[in-house]
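Enquirer: return a 3D structure for these sequence lines:
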Amino acid sequence: METRVRFAPSPTGHLHIGNARTAILNWLFARHTNGKFILRIEDTDPERSVEEYIDQILQDLRWLGLTWDEGPEIGGECGPYRQSERLEIYQRYAQKLMDEGNAYFCYCTPEELEQMRKESHARGEAGFYNRRCLHLTDEERQQFIAEGRKPAIRFKVPDNSEVIFNDIVKGELRFETENISDFVIMRSEGIPTYNFAAVVDDGLMKISHVIRGDDHVSNTPRQVLLYQALGFEMPQFAHIPMILGPDRTRLSKRHGATSLDQYRLKGYLPEALINFLSLLSWSSKTGDEILSIKRLIEEFDFERVSKSAAMFDFEKLNWMNGQYIRSADLERIVELAKLYFRAAGYPVEDESTIQKIVAVTREKIETLDQIVDVARIFFQEKITIKDTNAKEMIRLDSSQKVFWSFLRKLREIDVLDRENFKEIMKSVQKETGVMGKNLWMPLRIALTGQMHGPELPVTAEIFGKEKCEMLIERAIFK
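Expert: You can find the predicted model right below:
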């Protein structure tokens with residue numbers, strides 16, 4: 001049987017990082033099994049669904065590299081792939097359930113339902129709907145219609161039954177139907193509820209595996225009942241542990257960035273995010289943490305998916321992203337860095353110089369947005385020394401000796417590059433007797449205004465002879 005999985009986001013906001021993790025695991029499993037990854041947009045909530053969010057979701061998935069085999073913009077045999085375009089399908093299957101005695105019209109008002117809920121809770125019952133509309137007489141029904149009530153459609157939950165299904169991650173799960181009220185499958189305005197639309201779509205789209213967060217476990221018994229009543233083949237369920245923040249509460253805005261586009265704008269690479277998010281619930285047999293997408297596809301299975309909640313470790317993500325930035329093709333990082341440089345007002349016309357700047361500064365960053373600060377020394381017109389210790393260091397007699405010696409030797413050459421910079425430093429050390437930190441640190445401060453930063457020989461090469469000469473002259477106390 002062909003593996004067919006789906007990612008079905010609701011366009012009521014930006015793509016959350018937890019939903020992105022769900023999409024990634026579905027995609028990895030589809031590619032691992034040579035199956036199909038289907039994208040379906042659950043936009044049946046007209047008040048909350050926004051076209052802009054649909055475009056953003058598609059853009060985010062493309063940025064991650066999660067290409068879909070069926071879905072919006074490319075179509076497929078099981079379309080349409082937007083639920084708002086499938087309303088007639090849901091109505092047809094709701095009618096099927098009605099005709100077979102598995103569903104019925106419910107004319108109860110919101111106020112009446114709220115009263116039932118209160119009474120049920122007062123009795124300590126899990127379910128609340130009292131099946132008031134299950135056995136309405138024709139006279140009662142006509143009275144409700146005369147009052148202008150528009151009915152919803154409720155599914156009739158079997159009495160005294162047990163819903164049993166095997167979850168790939170959690171094992172066998174059991175639910176008593178006495179704890180499940182007859183639930184609405186079609187709202188009075190003709191819009192399907194989530195559980196009903198998802199089952200109809202998954203059944204018709206021949207979804208073989210439903211891979212999602214374990215906050216959906218409570219929905220599954222209702223969906224299992226619907227699969228059975230509609231005669232659809234049941235998919236295998238795999239409920240992945242939720243993501244927790246550092247304080248062990250559910251990941252939310254208070255923990256920092258939560259939408260995928262925020263991570264993209266901050267300068268995380270898509271392959272780093274895929275690597276990191278895949279390891280929140282799963283681990284490689286080798287124990288390696290830096291895993292290429294190719295390896296993730298080759299190794300992914302459910303045997304190594306944890307049952308425990310996954311902890312979102314921002315420090316680990318940043319470390320991992322830094323590793324990817326340093327190992328990525330330099331030209332790619334240069335093009336990405338230019339976006340941040342332009343936004344900061346830095347000139348980027350000199351391609352050779354920009355490439356050198358990115359090559360040396362990417363060693364010091366974990367996210368691409370940090371490159372603006374690290375590279376500032378290459379674009380600033382004036383050097384300002386703010387650190388008190390730095391000011392004191394360049395005033396030392398040993399520092400002044402280094403400056404004079406360096407300046408004399410710098411004037412003897414025509415072009416300054418990283419190699420002759422190192423040769424000059426060797427000569428300065430030999431001439432002054434100053435070594436180590438006391439040799440290198442004063443020059444770094446004089447050239448950059450900082451005590452730490454990118455590799456000094458490369459920094460000097462980027463500055464060039466004239467600029468280095470000018471900055472050293474300024475650091476000498478006459």
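
Enquirer: where along the stretch 101-250 of the chain do the helices fall?
Expert: Remark: helices assigned in the stretch 101-250 of the chain by DSSP state H, counting those that start in this stretch are 110-122, 138-146, 194-204, 220-230.

Enquirer: most tightly surrounded among those helices?
Expert: Of the helices of the stretch 101-250 of the chain, the one with the most neighbours on average (mean count of other C-beta atoms under 10 Å) is helix 194-204, at a mean of 22. No exception for glycine: its C-beta is placed from N, CA and C like everyone else's.

Enquirer: what's it in contact with?
Expert: 6, 8, 40, 42, 44, 78, 83, 86, 89-90, 93-94, 155, 183, 185-186, 192, 207, 210, 219, 222-223, 226-227, 230, 232-233, 235 (C-beta atoms under 8 Å, 6 or more residues apart in numbering).

Enquirer: 7 Å - rerun?
Expert: 6, 8, 40, 42, 44, 78, 83, 89-90, 93, 183, 185-186, 210, 219, 222-223, 226-227, 230, 232, 235 (C-beta atoms under 7 Å, 6 or more residues apart in numbering).

Enquirer: swap in stretch 135-149?
Expert: Taking C-beta under 7 Å, 6+ apart as the rule, stretch 135-149 contacts Tyr107.

Enquirer: so what are the domain limits for this protein?
Expert: Per automatic domain parsing, the structural domains of the chain span 87-240, 388-475.

Enquirer: mean pLDDT and distance to Ala23 added to those, as a markdown table?
Expert: Output for the domains of the chain, formatted as a markdown table (pLDDT from 0 to 100; distance: least, C-beta to C-beta, whole Å):
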| stretch | mean pLDDT | distance to Ala23 |
| --- | --- | --- |
| domain 87-240 | 95 | 10 |
| domain 388-475 | 96 | 37 |
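
Enquirer: hang on, the earlier thing: of the helices of the stretch 101-250 of the chain, which is nearest Pro347?
Expert: Among the helices of the stretch 101-250 of the chain, the nearest to Pro347 by C-beta to C-beta is helix 194-204 (51.8 Å).

Enquirer: dump the closest one to CSV, keeping only the CA atoms.
Expert: What follows is helix 194-204, C-alpha atoms only, in CSV (Å, rounded to 0.1, in the frame of the first residue of the first chain):
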residue,chain,number,x,y,z
TYR,A,194,-13.0,19.9,12.0
ASN,A,195,-13.4,16.3,13.0
PHE,A,196,-15.9,15.6,10.2
ALA,A,197,-14.1,17.4,7.4
ALA,A,198,-10.8,15.8,8.4
VAL,A,199,-12.2,12.3,8.2
VAL,A,200,-14.0,12.9,4.9
ASP,A,201,-10.9,14.4,3.4
ASP,A,202,-8.5,11.8,4.8
GLY,A,203,-10.8,9.0,3.6
LEU,A,204,-11.3,10.3,0.1
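
Enquirer: the helices of the stretch 101-250 of the chain into a markdown table, with extra columns for distance to Val169?
Expert: Converted to a markdown table, the helices of the stretch 101-250 of the chain look like this (distance: least, C-beta to C-beta, whole Å):
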| stretch | distance to Val169 |
| --- | --- |
| helix 110-122 | 32 |
| helix 138-146 | 45 |
| helix 194-204 | 18 |
| helix 220-230 | 12 |
